[in-house]
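K.L.:
Need the 3D shape of this:
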Amino acid sequence: MAASSVKDMKDFYYCIGPGCESGQINEDSDRNPQMRCVECGFDQCVKHLVPWHKGERCKEYDIRKRYESRSEEDRRAEAQTDMYLQTQTRACPHCSTHISKIDGCNDMKCKYSSGALDLE
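P.N.:
Numbering: from 1, shown residues only. A predicted model of the protein is given here:
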């Protein structure tokens with residue numbers, strides 16, 4: 001097989017390990033994105049094309065990277081929102097939506113279930 005066609009093979013990835021020029025097929029890379037190079041032993045994530053994010057699944061890695069890319073101001077605002085939700089609201093026991101009483105009676109009904117909520 002010609003080297004120029006290797007890059008077109010499904011699930012073929014080049015190793016990103018330092019100084020390694022090898023590559024290999026990582027079958028079912030959608031469900032198994034971790035690849036260990038047979039040539040140098042370097043572990044990498046073929047979904048993100050980074051060294052393997054040990055201790056994190058790809059979804060957790062995505063969340064962490066999204067969080068890290070946010071500005072300090074955005075992170076501070078999110079922390080304040082979380083604090084408000086924890087101290088000033090209650091989670092609906094049926095759908096977990098945060099609710100708070102502003103005025104009126106203590107009887108509420110969840111629009112996602114038939115259960116009534118007592119806010120007392």
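
K.L.:
Quick one: the helices in the protein, in order.
P.N.:
Along the chain, counting by DSSP state H, helices occupy 3-6, 58-68, 72-88.

K.L.:
what pLDDT, on average, does the shortest one get?
P.N.:
In this model, helix 3-6 has an average pLDDT of 63.

K.L.:
quick one, strands of this protein?
P.N.:
Secondary structure of the chain, counting by DSSP state E: strands at 12-14, 23-25, 34-36, 43-45, 50-51, 90-91, 98-99, 107-109, 116-118.

K.L.:
returning to what we had before: just the helices of the chain: most buried one?
P.N.:
Mean neighbour count, computed with mean count of other CB atoms under 10 Å, is highest for helix 58-68 among the helices of the chain, reaching a mean of 12. Where C-beta positions appear, they are placed from N, C-alpha and C, glycine not excepted.

K.L.:
contacts for that one?
P.N.:
For helix 58-68, contacts defined as CB atoms under 8 Å, 6 or more residues apart in numbering pick out Pro33, Cys45, Lys47, His48, His53, Glu56, Arg75.

K.L.:
Show me which of those are buried.
P.N.:
With burial judged by 16 or more other CB atoms under 10 Å, the buried subset of the contacts of helix 58-68 is Pro33, Cys45, Lys47, His53.

K.L.:
Is it possible to get JSON lines of the strands of the chain that adds distance to Thr81 and mean pLDDT?
P.N.:
Shown next, in JSON lines, are the strands of the chain (distance: least, CB to CB, whole Å; pLDDT from 0 to 100):
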{"stretch": "strand 12-14", "distance to Thr81": "40", "mean pLDDT": "94"}
{"stretch": "strand 23-25", "distance to Thr81": "45", "mean pLDDT": "93"}
{"stretch": "strand 34-36", "distance to Thr81": "35", "mean pLDDT": "96"}
{"stretch": "strand 43-45", "distance to Thr81": "31", "mean pLDDT": "97"}
{"stretch": "strand 50-51", "distance to Thr81": "30", "mean pLDDT": "97"}
{"stretch": "strand 90-91", "distance to Thr81": "15", "mean pLDDT": "84"}
{"stretch": "strand 98-99", "distance to Thr81": "10", "mean pLDDT": "84"}
{"stretch": "strand 107-109", "distance to Thr81": "22", "mean pLDDT": "73"}
{"stretch": "strand 116-118", "distance to Thr81": "22", "mean pLDDT": "53"}
